[in-house]
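In: the sequence isn't on hand, but the structure is:
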């Protein structure tokens with residue numbers, strides 16, 4: 001698997017001076033584009049678009065400093081249609097514009113070329129089960145929240161706090177399907193999953209696909225396969241670590257890849273750092289042949 005991922009990185013590296021073909025990189029890695037993006041993010045600690053932009057601007061900075069091309073020529077070489085767009089991308093990585101970078105002593109930021117190597121992990125067991133579920137519906141209250149990779153998501157926490165007792169009681173009455181109890185469901189709005197990107201976030205319960213309640217928002221979930229992980233640890237750090245472990249350890253060791261769909265979480269929020277039990281549901285599908293991870 002790591003060999004294929006590194007070959008995919010070679011393909012991305014060769015295309016930094018043009019539009020990057022992520023679909024082809026995923027094909028080289030022998031996984032879906034959806035899974036490739038998520039796997040890369042977990043392994044690299046940053047979303048794929050961020051890595052590509054940083055690498056592109058690292059190479060562009062070298063050409064800017066060399067002074068052999070005009071700034072517009074460098075912009076066009078790296079796929080930018082205008083000097084303004086190139087300057088914005090350059091500044092987002094280096095903190096200064098390309099014109100300033102040509103001055104002596106300018107401080108720039110380099111993103112080294114990445115490669116994945118084997119690190120001995122897996123000494124901690126992961127508790128999971130595979131569940132086949134028919135179509136169901138999540139009924140609850142929805143909010144748009146930003147992604148937070150570490151620490152408490154204050155917007156999501158405020159959404160939970162905003163629920164009135166009547167709504168919670170009504171949800172509990174409707175919760176007839178597994179996973180049982182008040183849960184959260186997240187549908188991500190971008191593949192990049194950068195810090196601050198948006199997600200539609202439900203607090204609700206799983207019900208039958210035909211259930212309708214006017215005062216509650218509905219999320220229809222098609223039938224499919226789920227990997228269910230049980231976790232105990234300090235809130236919310238253990239949950240954030242669990243998500244990373246699923247993609248960096250469990251997927252590479254099991255014949256499944258992720259598929260589009262909401263991520264479901266059953267947990268009891270407690271004070272920051274306190275122990276709690278949680279259950280994470282990830283939509284998956286079996287890998288085909290030797291293309292699996």
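Out: Yes, it's here. What you see is a predicted model; the values in this text were computed from it and never measured.
In: how about the secondary structure of the residue nearest to residue 277 when sequence neighbours are not counted?
Out: Spatial nearest neighbour of residue 277, chain neighbours left out: residue 232 (5.2 Å); criterion: C-beta to C-beta, 6 or more residues apart in numbering. From N, CA and C alone the C-beta is placed, and that goes for glycine too. In the three-state summary, residue 232 is assigned as strand, counting by DSSP: H, G, I helix; E, B strand; the rest coil.
In: ok, now which ones touch residue 232?
Out: Listed by C-beta atoms under 8 Å, 6 or more residues apart in numbering, the contact set of residue 232 reads 238, 275-278.
In: tell me the contacts of residue 271?
Out: Residue 271 neighbours (C-beta under 8 Å, 6+ apart): residue 235.
In: repeat that for residue 215.
Out: Residue 215 neighbours (C-beta under 8 Å, 6+ apart): 167, 170.
In: measure it to residue 254 for me?
Out: Using C-beta to C-beta, to the nearest Å, residue 215 is found at 41 Å from residue 254.
In: off-centre distance for whichever strand or helix holds residue 155?
Out: Per DSSP states H and E, residue 155 falls inside helix 154-161. Distance of helix 154-161 from the chain centroid (C-alpha atoms, centre = their mean, to the nearest Å) equals 20 Å.
In: helix or strand next in line after that helix, which one?
Out: Criterion used, DSSP H and E; the element after helix 154-161 is helix 165-174.
In: list the buried residues in that following helix.
Out: Within helix 165-174, the residues scored as buried using 16 or more other C-beta atoms under 10 Å are 167-168, 170-171, 174.
In: could you do stretch 228-243 as well?
Out: Those would be 228-229, 231, 233, 235-236, 238-239, 242-243, for stretch 228-243 by 16+ other C-beta under 10 Å.
In: can I get the buried part of the contacts of residue 232 as one ChimeraX selection?
Out: A single ChimeraX command selects the buried members of the contacts of residue 232 (16+ other C-beta under 10 Å):
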select :238,276,278
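In: residue contacts, residue 6?
Out: Residue 6 touches 115-116, counting by C-beta under 8 Å, 6+ apart.
In: surely it is within a helix?
Out: Yes: using three-state DSSP, the assignment for residue 6 is a helix.
In: give me the subset of the contacts of residue 232 lying in helices.
Out: residue 238 (DSSP state H).
In: just the contacts of residue 232: which are in strands?
Out: 275-278 (DSSP state E).
In: let me see the confidence value for residue 235.
Out: According to the prediction, residue 235 has pLDDT 83.
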